[in-house]
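Student: Got a predicted structure plus its sequence, pasted below:
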Amino acid sequence: MIGTDNTLASPFLLSRQPVSSVPARLKKPLLMMAEHLLGLQRCQRLYDRVSAQDTEISFAEQALNTLDVRYQLSDHEQARIPTSGPCILIANHPFGGIEGLILMALLGKVRPDFKVMANFMLSGIPQLRDQLINVDPFGGADAARTNLTPLRQSLNWLKQGGMLVIFPAGEVSSRQATGEITDPVWSSTLPRLVRRSKAPVLPVFFPGENGALFQWAGRLHPRLRTLLLPHMLLNKAGQTLPLRIGNLLPSKKLIGFATSQELNNYLRLRTYGLNLATNTRAKTVAKSENDEPQPISAPRPAETLKNEIAALPEAQHLVHSGDFAVVEFTAAQAPGLLNEIGRLREVTFRDVGEGTGHSIDLDRFDETYTHLCLWNHKQGELVGAYRIGRVDDLLGHYGAEGLYTSTLFNFQPQLLERLHNALELGRSFIRPEYQRSYAPLLLLWKGIGHYLVNNPHYRYLFGPVSISNDYTANSRHLMVDTLTRYFMVKEWSGLVSPRLPVPVTPLKIQGLSAQQSDPLLRDMDEISALIADLESDSRGIPVLLRHYLSLGGKLLAFNLDPDFGHVIDGLLLVDLQQTERKQLQRYMGRQGYANYLAVQQHQTAACA
């Protein structure tokens, strides 16, 4: 459709193209009939209406307005578009035309310095020509050679700091051999551009697909799909089309992949993974008997809490760091401090859609467990806390019912025997005002480390870690599915069962086979990155869950807790003999770790 200046006024009409581009035997009436059947005449009328408008908005936005097409994009996802610097924007290609107009209209508002790598035939539209880098998507003997020029143009554009938009499939999504309607294999051009430009990549996903006629035509011949593309553009009139934008992928991560296929698989995962973001979240706070959460109880006087801390034996002051200290105590030693822990638990857990709904969050286990609390001397306030259960003592006095985790999971006797030298950890929190910093959690874990040094016969840490209902349903589904498949202790998990199992089926990410996605989803960081794409605040997997996994933690089971904000509790187990030395030294100190290790080695030798 590229021709003389006269042609440019009618880019969609075959009958006005140069004779040399049309077989001589096709007469004008036949061409006009073809224009009508293919929807080209309607496209031309649309083009004429858009061209006649004298406005300052972009051609793409005018075209969308004329078609009455709107796009739906959240503010937090639009904010992920970098406003400057080189960047490659990649997107799936479900429709064939409208998604390109949407991206051009969007980017025209955010950063006008963009170009789209697109079918050379689109350069027949003069208003778009300056924004296009033309490629030949049809293959053939000369395509590989002629496409070297646009590749060089793209690299030069990125080196100048511009944004490059690519639809890596090079053709519209269609029904594949698997039965899925998705992009075909992505071009190897994308990995080459990423590696040579070292530009970050921004993934974009458009939900949706063309209809049955388009898919049926493609089964007869791929070119029939191409002939239907004008209709596929026009039939989007009057619709609102959503799009999803993921987090920017740094080039350092991308150029580390060994092969182009691995890089394409990863980019495809991060693009199609955005389809999971279509789910909504539902915040739930567990209700009291009156169907409304009770008011949070009043705090105890700060002086009372200070006095209780000061009265604790020196050996129970575990960590000191500036204005902060970590102490251990029992309910009998510091009832006021325990009351404040219960109050702040409820405040903190309600803030993320959990909580008991009562005025204070305390239970019968608080009377028999040890408590670690982080105290701010300067502010005179409690910052956070952990609850520790000595499994050997609790089983000896109360049996399995003495463990908090027994309210969530059923344990076989063989498992309890294995956990005899374990500490059950749980009910941890950092009050909201301190959650922006990692330091409070680090100090609490140093407290746990010193507690282990003082009680070195404990080898295992285990306990429930919550996945709150504040995450979207698909984020929770993704976490449970991948952690079950790749982070489960198979030889132990058969010895424990949830009281209320989490209904979950294997999660299939559209556009990827299991062979393509599995190697990527075995990485905790990749799971977290996918979750961050789905969440409005870009948070990944819960900090505490991530922390346990970094210690070498494994999952035993998942339980749904409707009495605590419908959280999902993952039962985690950490074998400290398998945790990296540097990790434990960070929490125990070098000498403390050496002392702890000596006791553990002695116990192992004695059991051999």
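Tutor: Thanks, I have it.

Student: what residues are up against residue 336?
Tutor: 300, 304-305, 308 (CB atoms under 8 Å, 6 or more residues apart in numbering). (C-beta placed from N, C-alpha, C; glycine too.)

Student: Can you give me the pLDDT of residue 567?
Tutor: Residue 567 is assigned 89 on the pLDDT scale.

Student: Out of the contacts of residue 336, which one has the lowest pLDDT?
Tutor: Within those, lowest confidence goes to residue 300 (90).

Student: Give me the phi and psi for it.
Tutor: Phi and psi for residue 300, reported as degrees, to the nearest 10, are phi -70, psi 150.

Student: ditto for the one 5 residues further on
Tutor: The phi and psi torsions at residue 305 (degrees, to the nearest 10) take the values phi -70, psi -40.

Student: From residue 322, how far off is it?
Tutor: 19 Å (CB to CB, to the nearest Å).

Student: who's more crowded, these two?
Tutor: Set residue 305 next to residue 322 and count neighbours by other CB atoms under 10 Å: residue 305 wins out with 21 against 10.

Student: Pretty sure the more buried one sits against residue 379.
Tutor: No. The criterion here is CB atoms under 8 Å, and residue 305 misses it with residue 379 at 11.5 Å.

Student: Pull the contacting residues for the spatially most central residue of the chain.
Tutor: In the chain, the residue lying closest to the centroid (CA atoms, centre = their mean) is residue 531, at 1.8 Å. Going by CB under 8 Å, 6+ apart, residue 531 touches 471, 475, 478-479, 539-541.

Student: Among those residues, which lie within helices?
Tutor: Using DSSP state H, the subset of the contacts of residue 531 located in helices is 475, 478-479.

Student: Identify the residues contacting stretch 182-197?
Tutor: Stretch 182-197 is touched from outside by 86, 88, 90, 92-93, 147, 151, 154-155, 158-159, 164, 166, 168-171, 173-174, 176, 199, 201, 251, 254-255, 257, 260, 263-264, 267-268, 272, 510-511, with contacts defined as CB under 8 Å, 6+ apart.

Student: Can you select the buried ones from these in ChimeraX?
Tutor: Only the buried entries of the contacts of stretch 182-197 go into this ChimeraX selection, using 16 or more other CB atoms under 10 Å:
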select :86,88,90,92,93,147,151,154,155,158,164,166,168,169,170,171,173,174,199,201,251,254,257,260,263,264,267,268,272,510,511
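
Student: on that earlier part again, including distance to residue 353, could the contacts of residue 336 go into CSV?
Tutor: Formatted as CSV, the contacts of residue 336 follow (distance: CB to CB, whole Å):
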residue, distance to residue 353
300, 27
304, 31
305, 28
308, 32
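
Student: which of the residues you listed has the most neighbours?
Tutor: When neighbours are taken as other CB under 10 Å, the top entry among the contacts of residue 336 is residue 305 (21 neighbours).

Student: quick one: which helix or strand includes the closest residue to residue 492 other than its chain neighbours?
Tutor: Spatial nearest neighbour of residue 492, chain neighbours left out: residue 556 (5.6 Å); criterion: CB to CB, 6 or more residues apart in numbering. Here residue 556 is covered by strand 554-561, with elements defined by DSSP states H and E.

Student: And for residue 223?
Tutor: Using DSSP H and E, residue 223 maps to helix 222-227.

Student: ok, and for that helix, which residues are buried?
Tutor: For helix 222-227, burial by neighbour count (16+ other CB under 10 Å) applies to 225-226.

Student: Just the mean pLDDT for it, thanks.
Tutor: Mean predicted lDDT for helix 222-227 stands at 73.

Student: picking up where we left off before, report the next helix or strand after the strand holding residue 556 in sequence order.
Tutor: Going down the chain from strand 554-561, the next helix or strand is strand 567-575, by DSSP H and E.

Student: packing partners for that next one?
Tutor: For strand 567-575, the packing partners by 3 or more CB pairs under 8 Å, 6 or more residues apart in numbering; DSSP states H and E come out as strand 460-467, helix 473-486, helix 543-550, strand 554-561.

Student: Just send those back as a markdown table, with mean neighbour count and distance to residue 192 too.
Tutor: Below are these laid out as a markdown table (neighbours: other CB atoms under 10 Å; distance: least, CB to CB, whole Å):
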| stretch | mean neighbour count | distance to residue 192 |
| --- | --- | --- |
| strand 460-467 | 23 | 39 |
| helix 473-486 | 20 | 30 |
| helix 543-550 | 18 | 34 |
| strand 554-561 | 22 | 39 |
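
Student: can you redo these as TSV with mean pLDDT and distance to residue 134?
Tutor: As requested, the helices and strands packed on strand 567-575 are exported to TSV (pLDDT from 0 to 100; distance: least, CB to CB, whole Å):
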stretch	mean pLDDT	distance to residue 134
strand 460-467	95	48
helix 473-486	92	38
helix 543-550	93	45
strand 554-561	95	51
